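Trainee: sequence first, then the predicted structure:
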Amino acid sequence: MELRVKKILADKGEERRVEISNDDTYGNVLEKLKINPEEVIVLRNGKPVPEDEKLDINKNKEEVDITIICVVSGG
């Protein structure tokens with residue numbers, strides 16, 4: 001299954017895709033995308049999700065959407 005990820009940094013969006021399995025967590029997705037979990041908030045359906053939570057894949061959908069918002073900026 002494919003995960004569609006929208007990454008938002010300073011009001012600029014970037015869309016990426018990554019292959020996932022039923023056992024993946026949001027933390028696994030961040031790792032696959034080489035994103036530091038301490039610098040982002042992961043949203044699913046507009047609500048924050050913990051990085052150790054499983055993706056809860058709906059088998060009827062061909063892809064899953066999440067949004068990653070960068071919360072750390074340079075100073």
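Mentor: Ah, there it is.

Trainee: which intervals of the protein have sub-threshold pLDDT?
Mentor: Low-confidence segments of the chain, defined by pLDDT under 70: 1-3, 7-11, 58-64, 72-75.

Trainee: for the host helix or strand of V29, name the packing helices and strands.
Mentor: Under the criterion of DSSP states H and E, V29 resides in helix 26-32. Counting contacts by 3 or more Cβ pairs under 8 Å, 6 or more residues apart in numbering; DSSP states H and E, helix 26-32 packs against strand 40-44, strand 63-70. Yep, even glycine has a C-beta here, placed from its N, CA and C like the rest.

Trainee: for V18, find the nearest of those.
Mentor: When these are compared by Cβ to Cβ, strand 63-70 sits nearest V18, at 10.0 Å.

Trainee: return the distance of the closest one from the chain's centre.
Mentor: Centroid separation for strand 63-70 versus its chain: 4 Å, with Cα atoms, centre = their mean, to the nearest Å.

Trainee: one more: stretch 40-57?
Mentor: For stretch 40-57, the distance to the chain centre is 7 Å (Cα atoms, centre = their mean).

Trainee: ok, back up a step: so what touches the helix holding V29?
Mentor: Applying Cβ atoms under 8 Å, 6 or more residues apart in numbering, the contact partners of helix 26-32 are 3, 5, 18, 20, 36-37, 40, 42, 44, 49-53, 55, 66, 68.

Trainee: now do stretch 35-44
Mentor: Here stretch 35-44 has contacts from 7, 26-27, 29-30, 48-49, 51, 65-72, using Cβ under 8 Å, 6+ apart.

Trainee: now the buried members of those residues.
Mentor: K7, Y26, V29, L30, V49, E51, I66, T67, I68 (16 or more other Cβ atoms under 10 Å).
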